[in-house]
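**Q** Let me see the structure of the following:
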Amino acid sequence: MTSLLEISPDKLARLIGIPKCPVLIDVRIDEDFDADPRLIPGSLRRDYRHVQNWSEDFAGQSAIIICHRGKKLSHGVAAWLRHAGIPADVLEGGFEAWAEAGYPAVPASMVPNRQTNGYTLWVTRARPKIDRIACPWLIRRFVDPNAIFLFVAPAEVEAVADRFDATPFDIDAPIRWSHRGDRCTFDVMVEAFGLETEPMLRLATIVRGADTARLDLAPEAPGLLAVSLGLSRMYADDHEQLEAGMLLYDAFYRWCRDATSETHNWPSPKKGA
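**A** As a prediction, the model looks like this:
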């Protein structure tokens, strides 16, 4: 039974991908991590031995701590964080229980190297429309909540990536993170990051339809295209557009996950009718 200071894998799975998800901190020792080098989506690796040094990085947030089996390491770190004024719970059963339940996990080898301050840095073409908003949303919600995105002139993306040690994506070049065949970059990321759940695949179909002018792929694709083009005209600043787009994809994801069977009619049926 889940204790007062624990959260079950089922409950955590409902939190991942939503804007108010607590920060997820993986404190597995290297031996356990190397045995299964994957991460619960959105989680960050930290060394439990130095919790007193990095705890202040999460001031003002709540946290869920993950170790191998949800025992001494995670409970000790969570207690330390609570001592520092940071609400913290432990994942019941740890990463092992998460994996045994069949929930998605991100291969660590797919996550780009982090910058000195711990975030991943990405670069793509300026004036995003669909894929270049959908992909940052996916990364921030399921891979690295602290990811930073640079939008530059198309001809400069690869040079900027090289000079600033950033990861390029969604450009017309033979790179890891771009279109492949009839699939868009969002499709490629969903597969590579091990996020092929039913809701995410449904969202990927909508994104692909809107991004590749195949609006017949999903009834929702024309709506995504229309809203995306509208946002691109509302915001001259790419980062402001990205922030607005985060809310858009939050809503699409929650619909894909929780509301596809719900309908809405007007007027409401009268009582007794």
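
**Q** Domain-wise, how is the protein divided?
**A** Taking automatic domain parsing as the domain assignment, the ranges for the chain are 6-108, 111-259.

**Q** where in the stretch 1-150 of the chain is pLDDT low?
**A** Counting by pLDDT under 70, the stretch 1-150 of the chain shows low-confidence ranges at 1-2.

**Q** which stretches of it form helices?
**A** Chain-ordered helices for the stretch 1-150 of the chain, with DSSP state H, counting those that start in this stretch as the definition, fall at 9-15, 30-35, 51-54, 72-83, 94-100, 131-142.

**Q** out of the domains of the chain, which comes closest to N265?
**A** Nearest to N265 among those is domain 111-259 (14.9 Å), distances taken as C-beta to C-beta. Placement of C-beta: from N, CA and C, glycine included.

**Q** Would you work out how far apart the start and end of the closest one are?
**A** 31 Å (C-alpha to C-alpha, to the nearest Å).

**Q** distance between stretch 41-56 and the chain's centre?
**A** A distance of 19 Å separates the C-alpha centroid of stretch 41-56 from that of its chain, computed with C-alpha atoms, centre = their mean, to the nearest Å.

**Q** the inter-axis angle of the biggest helix by length in the chain versus helix 131-142?
**A** With secondary structure taken from DSSP state H, the chain has its longest helix at helix 238-254. If you take axes from the mean of the first three to the mean of the last three C-alpha atoms, to 10 degrees, helix 238-254 sits at 70 degrees to helix 131-142.

**Q** now for helix 238-254, which elements pack on it?
**A** If you count contacts as 3 or more C-beta pairs under 8 Å, 6 or more residues apart in numbering; DSSP states H and E, helix 238-254 packs onto helix 131-142, strand 148-152, helix 198-211, helix 221-234.

**Q** In that helix, which residues have enough neighbours to count as buried?
**A** Neighbour counts using 16 or more other C-beta atoms under 10 Å place D238, Q241, L242, G245, M246, L248, Y249, F252, Y253 of helix 238-254 among the buried residues.

**Q** Can you dump the C-alpha atoms of that helix in PDB for me?
**A** The C-alpha atoms that make up helix 238-254 are tabulated as PDB, following Å, rounded to 0.1, in the frame of the first residue of the first chain:
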ATOM      1  CA  ASP A 238       9.300  33.100 -31.800                       C
ATOM      2  CA  HIS A 239       9.700  32.500 -28.100                       C
ATOM      3  CA  GLU A 240       6.400  34.100 -27.300                       C
ATOM      4  CA  GLN A 241       4.800  32.000 -30.000                       C
ATOM      5  CA  LEU A 242       6.400  28.900 -28.400                       C
ATOM      6  CA  GLU A 243       5.000  29.700 -25.000                       C
ATOM      7  CA  ALA A 244       1.500  30.100 -26.500                       C
ATOM      8  CA  GLY A 245       2.000  26.900 -28.400                       C
ATOM      9  CA  MET A 246       2.900  25.000 -25.200                       C
ATOM     10  CA  LEU A 247      -0.700  25.600 -24.000                       C
ATOM     11  CA  LEU A 248      -2.100  24.500 -27.400                       C
ATOM     12  CA  TYR A 249      -0.300  21.200 -27.300                       C
ATOM     13  CA  ASP A 250      -1.000  20.700 -23.600                       C
ATOM     14  CA  ALA A 251      -4.700  20.900 -24.600                       C
ATOM     15  CA  PHE A 252      -4.400  18.600 -27.600                       C
ATOM     16  CA  TYR A 253      -2.500  16.000 -25.500                       C
ATOM     17  CA  ARG A 254      -5.100  16.000 -22.700                       C
END
